[in-house]
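S.K.: Quick one, what's the 3D model for this:
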Amino acid sequence: DPEEAKKHVLSKVQKQALNCLSGKKIPCEIDSICIHGDTLKSLEIAKIIIENLINSGFDLKPLNKMKKFL
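M.R.: Numbering: from 1, shown residues only. You can find the predicted model right below:
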C-alpha cells in the first residue's frame with residue numbers, strides 16, 4: 001500500500017530507527033532506501049515516498065553524490 005509505505009519510510013528516516021512488528025524501535029543510521037520494483041505499484045510507491053520526504057524537509061540525493069559513498 002503506497003500510503004502505508006509513505007508513513008513507514010518517513011518514520012524510519014525521522015527517527016533513524018528500524019520499526020519492528022512488536023513496536024520496538026532499533027536505532028540505525030538510515031541514509032538510503034530501496035524500493036523493490038517487483039510489484040505493480042512500485043512506481044507509485046516510489047513517487048509518493050519521494051514527495052513525502054521532500055515535503056518533510058529532507059534533501060534527496062543519488063548515492064554517487066553522497067560523501068559517505070564516494
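S.K.: can you give me the strands for the chain?
M.R.: With strands called from DSSP state E, the chain shows them at 17-19, 25-27.
S.K.: now the helices for the chain?
M.R.: All helices of the chain, identified by DSSP state H, fall at 2-15, 42-55.
S.K.: do you know which of those helices lies nearest S32?
M.R.: Among the helices of the chain, the nearest to S32 by C-beta to C-beta is helix 2-15 (9.8 Å). Glycine gets a C-beta too; all of them are placed from N, C-alpha and C.
S.K.: Now do that closest one against helix 42-55, angle only.
M.R.: Interaxial angle, helix 2-15 versus helix 42-55 (axes from the mean of the first three to the mean of the last three C-alpha atoms, to 10 degrees): 40 degrees.
S.K.: what is the mean pLDDT for helix 2-15?
M.R.: Helix 2-15 comes out with an average pLDDT of 94.
S.K.: for it, packing partners?
M.R.: On a contact count with 3 or more C-beta pairs under 8 Å, 6 or more residues apart in numbering; DSSP states H and E, helix 2-15 meets strand 17-19, helix 42-55.
S.K.: buried stuff in the last one?
M.R.: Applying a neighbour-count criterion of 16 or more other C-beta atoms under 10 Å, the buried positions in helix 42-55 are I45, A46, I48, I49, I50, N52, L53.
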